[in-house]
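just to be clear, the model below is a prediction. Sequence and coordinates:
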Amino acid sequence: MKTTLLQIVQSILNDMDSEEVNSINDTVEAQQIASVVEDTYYNMIAARMIPEHNKLMNLTSLSDSSRPTHFEYPSNVKHVERVEYNVGTVADKNFRVIKYVDPVHFIERMDEQALLVSNVDGIDIFVSTDNPPSYYTSFDDEHIVMNSYDSYVEPILQTSKLRVIGSTYPTFSQTDGFQPDLDNTLMPLLLAEAKSVCFSLFKGGPDPKVEQAARRLKSFVQNDMYKTKQANKKPNYGRT
């Protein structure tokens with residue numbers, strides 16, 4: 001069952017022995033608490049990867065013949081895990097994983113296959129025009145640049161042929177019915193951490209019990225955020 005912003009604010013007000021409200025707009029204190037909840041929410045999702053925020057997404061082609069292999073990240077993208085491009089046809093799709101390489105190695109490899117000049121912030125790089133893409137990089141963390149495209153198939157790489165897996169930043173709305181995009185495992189942590197901040201800001205200091213609950217929940221959710229069983233991840237110490 002999802003929890004609304006109003007319910008979170010009412011819970012915090014109750015524990016602070018403050019005036020009850022039927023809407024977050026009823027009192028200045030309720031509005032202040034709603035702002036604390038929003039700040040706490042964004043602090044939480046910035047500091048950890050939230051499973052609910054993972055999705056299949058797309059990037060936006062620059063649709064520029066002088067930059068035929070460029071794509072732009074949507075403004076709400078937090079992290080891109082995997083990029084694929086359809087090197088087949090619309091009727092017979094064949095998605096190839098496009099591997100990431102760091103910018104220095106990208107430039108070195110592109111210079112070896114110099115076929116076409118493409119511009120990045122006034123600086124020329126080279127891309128191949130006779131093969132579909134196989135790797136990419138990002139110079140500014142706002143765009144990605146792929147290494148090649150097949151000019152016999154398409155004049156520029158297409159957004160419609162991309163398939164991207166990653167995570168996004170959700171929006172937060174300070175309205176009574178807004179439901180933070182967190183599951184039932186993380187919602188208590190949001191409430192506990194927001195409550196802790198509210199006691200510090202509005203009651204002159206933290207409440208020991210609230211602080212204890214927040215610490216316990218933070219430790220618990222680190223290992224229990226996923227509904228779907230995850231594989232054990234071990235360091236490979238450079239091994240492949």
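It's in. Numbers count the residues shown, from 1 in each chain.

so which elements touch the biggest helix by length in the chain?
Of all the segments of type helix in the chain, defined by DSSP state H, the longest one is helix 28-47. Contacts defined by 3 or more C-beta pairs under 8 Å, 6 or more residues apart in numbering; DSSP states H and E place helix 28-47 against helix 5-15, helix 187-202. To be clear about C-beta, it is placed using only N, CA and C from the backbone, and glycine gets the same treatment.

flag the shaky bits of this structure, pLDDT-wise.
For the chain, the stretches with pLDDT under 70 are 1, 112-123, 205-240.

now the strands for it?
Applying DSSP state E to the chain gives strands spanning 54-57, 60-61, 70-72, 77-86, 95-97, 99-100, 116-120, 123-127, 135-137, 143-146, 162-168.

packing partners for the fourth one?
In this case it means strand 77-86. Under the contact criterion of 3+ C-beta pairs under 8 Å, 6+ apart, strand 77-86 touches strand 95-97, strand 143-146, strand 162-168.

how does it look with 10 Å?
strand 54-57, strand 95-97, strand 99-100, strand 135-137, strand 143-146, strand 162-168 (3 or more C-beta pairs under 10 Å, 6 or more residues apart in numbering; DSSP states H and E).

and these, which is most packed in?
The highest average neighbour count among the helices and strands packed on strand 77-86, using mean count of other C-beta atoms under 10 Å, belongs to strand 143-146 at a mean of 22.

what pairs with that strand, and is each one parallel or antiparallel?
Sheet pairing for strand 143-146, assigned by DSSP bridges, gives strand 70-72 (antiparallel), strand 135-137 (antiparallel).

of these, which approaches L182 most closely?
Nearest of the strands paired with strand 143-146 to L182, taken as C-beta to C-beta: strand 70-72 at 28.2 Å.

straight-line length of stretch 159-178, end to end?
32 Å (C-alpha to C-alpha, to the nearest Å).

nearest residue to Y100 other than its sequence neighbours?
Counting by C-beta to C-beta, 6 or more residues apart in numbering, Y136 is the residue found nearest to Y100 once chain neighbours are left out, at 6.2 Å.

now do the one you found against L59, distance only.
Per C-beta to C-beta, to the nearest Å, Y136 is found 10 Å from L59.

give me the common contacts of the two.
Listed as contacting both Y136 and L59 by C-beta atoms under 10 Å, 6 or more residues apart in numbering are 70-71, 80, 83, 143-144, 157.

pull out the buried members of the residues you listed.
70-71, 80, 83, 143-144, 157 (16 or more other C-beta atoms under 10 Å).

widest-spaced pair of these?
For these, the farthest-apart pair by C-beta to C-beta is V80 and L157; their separation is 15.7 Å.

output the helices and strands packed on strand 77-86 as TSV; include the columns distance to T89.
Shown next, in TSV, are the helices and strands packed on strand 77-86 (distance: least, C-beta to C-beta, whole Å):
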stretch	distance to T89
strand 54-57	21
strand 95-97	12
strand 99-100	22
strand 135-137	22
strand 143-146	19
strand 162-168	15
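
which one of the ones you listed lies nearest to V9?
strand 162-168 (25.3 Å).

returning to what we had before: out of the buried ones among the shared contacts of Y136 and L59, who's nearest I33?
The closest of those to I33 turns out to be V80 (C-beta to C-beta; 34.6 Å).

could I get the contacting residues of the residue nearest to that closest one when sequence neighbours are not counted?
Leaving aside its chain neighbours, V80 sits nearest to G166 (4.0 Å; criterion: C-beta to C-beta, 6+ apart). G166 sits next to 53-57, 59, 73-74, 77-83 when contact means C-beta under 10 Å, 6+ apart.
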